[in-house]
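*Asks:* Sequence and predicted model, in that order:
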Amino acid sequence: MRGQIFRFNEDLNCIIGGRGSGKSTIIDYLRFVFNNEPVDPELKNKFRKRLVDLIRENTEVYVLLEDTENNIWLYMRKFQHSEETHGNNIEFTITSPQTSIYQVIINEKRIIKFEKDLSKFTIEFYGQGEVQSIT
């Protein structure tokens, strides 16, 4: 998935594809950057394990987006984790620092780092397991 660009609609996006095509991977990367883990403990641990399998330690994941006011935002989060064994089960914990947020001002050729998210949008994520539990 390195270097791939995905364009999303501001209202609704559905990711469709065959088994193993990367649908969950896209959602997992976005969830990681926006620190939006599944609520269900079982789904949360599966999500964390998939991240461990997908992303090398200390890899930076970026999301670039444009809001409705044409402001461009760059979200970056470095992947770090720990593992703890409980019998036959491994519990994964994301130890990554919080997401770094920057506003990109193209016409001035500069980037401004923010200490908190000042963009005016919300994102809701529903992975396959969550959609099945909702229905």
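*Replies:* Structure's in. What do you need? Numbering: from 1, shown residues only.
*Asks:* hey, let's count contacts and neighbours off CA atoms from now on
*Replies:* Noted.
*Asks:* As a check, name the ranges of all helices in this structure.
*Replies:* Counting by DSSP state H, the chain has these helices, from start to end: 23-33, 41-54, 128-134.
*Asks:* middle-most residue in the chain, spatially?
*Replies:* Nearest residue to the geometric centre of the chain (Cα atoms, centre = their mean): Leu30, 2.2 Å.
*Asks:* Spatially, which residue comes closest to that one, not counting chain neighbours?
*Replies:* Val63 (7.5 Å; Cα to Cα, 6 or more residues apart in numbering).
*Asks:* residue ranges with poor pLDDT in this protein?
*Replies:* In the predicted model of the chain, residues 1-3, 116-122, 127-129, 132-135 satisfy pLDDT under 70.
*Asks:* circling back: from memory the residue nearest to Leu30 sits against Arg77, does it?
*Replies:* No. Applying Cα atoms under 8 Å as the test, Val63 and Arg77 come out as separate, 9.1 Å apart.
*Asks:* Looking at those two, which is more packed in?
*Replies:* When Val63 and Arg77 are compared for neighbours, Arg77 comes out ahead with 22 against 16, by other Cα atoms under 10 Å.
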